[in-house]
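Undergrad: Could you work out the structure for the sequence below:
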Amino acid sequence: MIHTYSGKTIRFEIKYKNRTSIGITIDSYGNIEVQAPKGTPDESVLKVLEEKWNLIQQKLKEMKDRLKGAQEKVYERGETFLYLGNAYPIKIFEDINIRKDHVVFEGEKLHIFVKQLEDERIKQALKRFYYQQCKSIVEKSIYSYQSNFKTKPRSISISDSKTTWGTCDSKLQLTFNWRLAMAPREVIDYVVVHEMCHMVHLNHDRSFWRLVGKIMPDYIEKENWLASSNWKMNV
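TA: Next up is the predicted model:
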């Protein structure tokens, strides 16, 4: 079926099942499926669609952006970068007199101060900012969750890994990906808890996941955020 509302048109499929309410799902390719109780009139289905219209449009945009993959960044005023789960525009300041290129978060913008307006300088200033923020946030998170563990990490470091969000080795050395600073704090907390649980169980057996779930029952939501958002966590 096709439906137009608020200037937007969507195509969706209806499946009638033995259920008591109308549900809407959107797959990873943006296909919309409406599951409705048998005998539900079309008017009722359309009413629910319109009630959730803004959310549907938001999800469709996210799916479309995700299928495009990571887009090359433009280091110009107005370009946005993620920080703690939100996208903020950058504002660039050129000042030959500053001691070192750096970034300052002003609440609504990422202010980037560089000696010269060069893309690589801006990129490296952003990376240093994320490294510093990730280290600070991770350390606070570890301190917050330490009461759940008898052992403590021997070291904490930040890496530029292309394959993992965090690691814990047999020497209890924890390493975290600097890109985590782009994720919401609760997602960072999940990765911290995940790696701290490896101090107890080095593999991903049932005991490991029971411990993770005990400390953070909704950890799957955090994993889903990383899985659906990792493509845009770049500089």
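Undergrad: can we go C-alpha only for contacts and neighbour counts from here?
TA: OK.
Undergrad: could you pull out the helices for this structure?
TA: Using DSSP state H, the helices found in the chain span residues 42-51, 53-68, 119-145, 185-197, 206-215, 219-229.
Undergrad: Just the C-alphas of the first one, formatted as PDB.
TA: Okay, so that is helix 42-51. The C-alpha atoms that make up helix 42-51 are tabulated as PDB, following Å, rounded to 0.1, in the frame of the first residue of the first chain:
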ATOM      1  CA  ASP A  42      -7.500   0.300   6.700                       C
ATOM      2  CA  GLU A  43      -8.600   3.600   8.300                       C
ATOM      3  CA  SER A  44      -7.300   2.300  11.700                       C
ATOM      4  CA  VAL A  45      -4.000   1.300  10.200                       C
ATOM      5  CA  LEU A  46      -3.500   4.700   8.500                       C
ATOM      6  CA  LYS A  47      -4.400   6.500  11.700                       C
ATOM      7  CA  VAL A  48      -1.600   4.600  13.600                       C
ATOM      8  CA  LEU A  49       0.900   5.300  10.700                       C
ATOM      9  CA  GLU A  50       0.100   9.000  10.900                       C
ATOM     10  CA  GLU A  51       0.500   9.000  14.700                       C
END
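Undergrad: now the angle between helix 219-229 and the lowest-mean-pLDDT helix or strand in the chain, please.
TA: Least confident helix or strand of the chain, by mean pLDDT, DSSP states H and E, is helix 53-68 with a mean of 78. Inter-element angle recorded for helix 53-68 and helix 219-229: 60 degrees (by axes from the mean of the first three to the mean of the last three Cα atoms, to 10 degrees).
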